[in-house]
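1. Please find the sequence and the predicted model below.
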Amino acid sequence: MNKHQRLKQMVTANRKWLLVRMGFAIPIGVLLFFFLQTETRSLMYGSLMVVSLLAYGVMIGRESRFMSSFTDHIRAKRVIHIQYVFDYMMVVFSCLFFPLLLKLETISWVPFFIFSLAALALVIVERLLDEKVKLIDPQQPRRRDVKRESF
């Protein structure tokens, strides 16, 4: 299968995955809001958020396997999997550790500094991993190509 055919199938599937991602993002966002707003039920909202994030991790694993199914190169499959794991860890960081830092009322600029560094690292690592996939399998569309074609 050539690059254009792969890209076309990935874009079609990416639109379906977007609906599933939104199905997780909205409840996780609501739980995050409740977690930050309440003092008495923080444990309940926090544990519901953890369960939701674990379910989201399962979905990310499935999406990763689907996206890596278009290449036969084992190294490219590993790099694609690493991309999705890195994205998932950023979501976990954003939904658990960042709010916990805010909840613990540490110095106000520290959580924002850490979050900014993590977001910058995500952008840099994603580009580096995209280029690595391109070097390993030139016929494999990069994630940014799929994102650009999806919208």
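-> Okay, I see it.
2. residues in contact with Gly46?
-> Taking CB atoms under 8 Å, 6 or more residues apart in numbering, we find Gly46 in contact with Phe35, Leu96. Heads up, the C-betas are built off the backbone N, CA and C, glycines and all.
3. what about the closest residue to Ala55 other than its chain neighbours, which helix or strand?
-> Distance criterion CB to CB, 6 or more residues apart in numbering; nearest residue to Ala55, sequence neighbours excluded, is Phe24 at 7.1 Å. Using DSSP states H and E, the element containing Phe24 is helix 3-37.
4. Over to Phe70?
-> If you go by DSSP H and E, Phe70 is not part of any helix or strand.
5. Roughly how far does it sit from Met22?
-> Counting by CB to CB, to the nearest Å, the separation of Phe70 from Met22 is 24 Å.
6. Which of the two has more residues huddled nearby?
-> Shown here are Phe70 and Met22; by other CB atoms under 10 Å, Phe70 has more neighbours (20 against 9).
7. I'd assumed Met1 was in contact with the more buried one.
-> Yes: with contact defined as CB atoms under 8 Å, Phe70 reaches Met1; the gap is 6.9 Å.
8. dump the residue contacts of the nearest residue to Arg15 once chain neighbours are set aside.
-> Of all residues not flanking Arg15 in the chain, Ser150 sits nearest, at 6.2 Å (CB to CB, 6+ apart). When contacts are counted by CB under 8 Å, 6+ apart, Ser150 touches Val11, Asn14, Arg15, Leu18.
9. Let's test this: name the helix or strand in this structure with the lowest mean pLDDT.
-> Within the chain, judged by mean pLDDT, DSSP states H and E, the helix or strand with the poorest mean is helix 98-103; its value is a mean of 76.
10. For the spatially most central residue of the chain, identify the helix or strand it belongs to.
-> Most central in the chain under CA atoms, centre = their mean is Asp87, positioned 3.1 Å from the mean C-alpha point. Secondary structure from DSSP H and E places Asp87 in helix 74-92.
11. All set now, cheers.
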